[in-house]
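Engineer: next input, structure requested:
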Amino acid sequence: MLAHAISRRSFGRLLGTGIAAAALPPFAARARTARRGPLPAVAVVRLSANENPYGPSPATLRAMREAFALAWRYPDEATDELAGDLANAHRMPKESFLVGDGSSEILKLAASAFTGPDRKLVMADPTFEAIGVHARVRGAEVVAVPLDDRYGHDLEKMAASAGPGLIYVCNPNNPTGSITPAARLRAFLRAVPPATTVVVDEAYHHYADAPEYESVAPLVGTHANLVVARTFSKVHGMAGLRLGYAIAQPPVIKKLAEHAAWDSANIVAIAGARASLADTAYVAEGVRRNAATKAKVVSELGRLGYQVVPSQTNFILIALRKDAKPVIDALRDRGVLVGRLFPALPQHLRVTIGTPAQMDRFVDAFAAVVA
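Structural biologist: Residues are numbered from 1 along each chain as shown. Model prediction:
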């Protein structure tokens, strides 16, 4: 029945010896699935949240352990030092950075600062939903514009919406893994009126290697209405520590900061982020591992007759050609947790790229379910 399923040793050979599968705590899995009853007795594979299964680098872990000795101190100086590191990394003024409790906080601050009853939010559909939730709390109208036929942002239609306070572009996009090409995004930024703020969410920036992709962070200096959101949750493996940052011109940073909680980033996470920024070799290795494993999974899915949206991220979106919800549930019953249902793409399944062993489990379970 599983003639197309791959060997459990194949991924290990692909990436070399010494890479162990990350064991997932049963509690973490239960926390997200308790409403559906108990999970299977087998170890759960969590491929549902686009986390980096390899976690932080050894240097990052050491820095965080040492930072516990400073747990009694507020993180003001540490935050300032991280802003300095970010300024050096991006070659921009330190005043152009705001550290937050994950990039999710940056999106919340943008919604608070730039949307309201008379200032709507324009965003793609589907995309990462958080900023839309925050804008609605502010009383803002949220205009959802479908992606184009290549799963990119339809920037022309987004720009045509009358007088938005904020436009949100996730690039690479979640949940599709697709990109909006650099030339189109540059033209869009030139055309957006100065009174409209644009947030470009680059959570998956490090994984993107397509020639037509580029970060817009260097454009902040010439676009006073541009905010770039970055995170340490993805390639840096720090999702549970909650740390991200905004890049924008100083007046915009000041406006975002007016809506922020004081000292929202903790001193342990900041120490880890500073170490991870310096450990460029570990980040590059994480990108390589993700790409190699992703390529193997895409190949195996192709043998099973399933195509994926070309992905520039650490997850894939599979075209099922049937409703995704029963497949999501059936995989869960086999101990494999995958992404949630996205109403705009009800026949697509989002799957995080885990370790080779985890992806073996996924492919075997998927083959059994679709059979």
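Engineer: which stretches of the stretch 151-300 of the chain form strands?
Structural biologist: Under the criterion DSSP state E, counting those that start in this stretch, the stretch 151-300 of the chain carries strands at the ranges 166-170, 197-201, 226-231, 244-247.
Engineer: surely V143 is within a helix?
Structural biologist: No: counting by DSSP: H, G, I helix; E, B strand; the rest coil, V143 is located in no helix; its state is strand.
Engineer: look at A124 and give its secondary structure.
Structural biologist: strand.
Engineer: circling back to that earlier point, now the strands of the stretch 151-300 of the chain in CSV, with mean neighbour count and mean pLDDT?
Structural biologist: C-beta here means a position set from N, CA and C on the backbone, and glycine is covered the same way. Converted to CSV, the strands of the stretch 151-300 of the chain look like this (neighbours: other C-beta atoms under 10 Å; pLDDT from 0 to 100):
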stretch, mean neighbour count, mean pLDDT
strand 166-170, 26, 98
strand 197-201, 26, 98
strand 226-231, 26, 98
strand 244-247, 26, 98
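Engineer: between the ones you listed, which gets nearest to R184?
Structural biologist: strand 166-170 (10.4 Å; C-beta to C-beta).
Engineer: now render the strands of the stretch 151-300 of the chain as JSON lines, adding distance to V308.
Structural biologist: Formatted as JSON lines, the strands of the stretch 151-300 of the chain follow (distance: least, C-beta to C-beta, whole Å):
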{"stretch": "strand 166-170", "distance to V308": "18"}
{"stretch": "strand 197-201", "distance to V308": "21"}
{"stretch": "strand 226-231", "distance to V308": "23"}
{"stretch": "strand 244-247", "distance to V308": "27"}
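Engineer: out of the ones you listed, the one nearest Y282 is which?
Structural biologist: Closest among the strands of the stretch 151-300 of the chain, once you apply C-beta to C-beta, is strand 226-231, at 16.5 Å.
Engineer: partner strands of the closest one, parallel or antiparallel?
Structural biologist: Each strand paired with strand 226-231, and its direction, by DSSP bridges: strand 197-201 (parallel), strand 244-247 (antiparallel).
Engineer: the first one vs strand 166-170, what angle?
Structural biologist: Which is strand 197-201. 20 degrees (axes from the mean of the first three to the mean of the last three C-alpha atoms, to 10 degrees).
Engineer: quick one: contacts of strand 197-201?
Structural biologist: 103, 106-107, 110, 113-114, 128, 131, 165-171, 185, 188-189, 192, 216, 223, 225-229, 252 (C-beta atoms under 8 Å, 6 or more residues apart in numbering).
Engineer: how close does T222 sit to Q249?
Structural biologist: 9 Å (C-beta to C-beta, to the nearest Å).
Engineer: more neighbours: which of the two?
Structural biologist: Q249 (19 against 10; other C-beta atoms under 10 Å).
Engineer: the closest residue to that one other than its chain neighbours - how many residues pack around it?
Structural biologist: Closest residue to Q249 apart from its sequence neighbours, by C-beta to C-beta, 6 or more residues apart in numbering: A224 at 5.2 Å. A224 has 13 neighbours, counted by other C-beta under 10 Å.
Engineer: confirm for me that A224 is in contact with P251.
Structural biologist: Yes: contact criterion C-beta atoms under 8 Å: A224 and P251 qualify, at 7.4 Å.
Engineer: that older thread, Y54 is nearest to which of the strands paired with strand 226-231?
Structural biologist: Among these, strand 244-247 sits nearest to Y54 (C-beta to C-beta), with 19.2 Å.
Engineer: tabulate the CA atom coordinates of the closest one in CSV.
Structural biologist: Extracted as CSV, the C-alpha positions of strand 244-247 are listed here (Å, rounded to 0.1, in the frame of the first residue of the first chain):
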residue,chain,number,x,y,z
GLY,A,244,11.4,40.1,16.8
TYR,A,245,12.1,43.6,15.5
ALA,A,246,10.9,46.4,13.3
ILE,A,247,13.0,48.4,10.8
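Engineer: so what's the residue count around D118?
Structural biologist: Count around D118 with other C-beta under 10 Å applied: 10.
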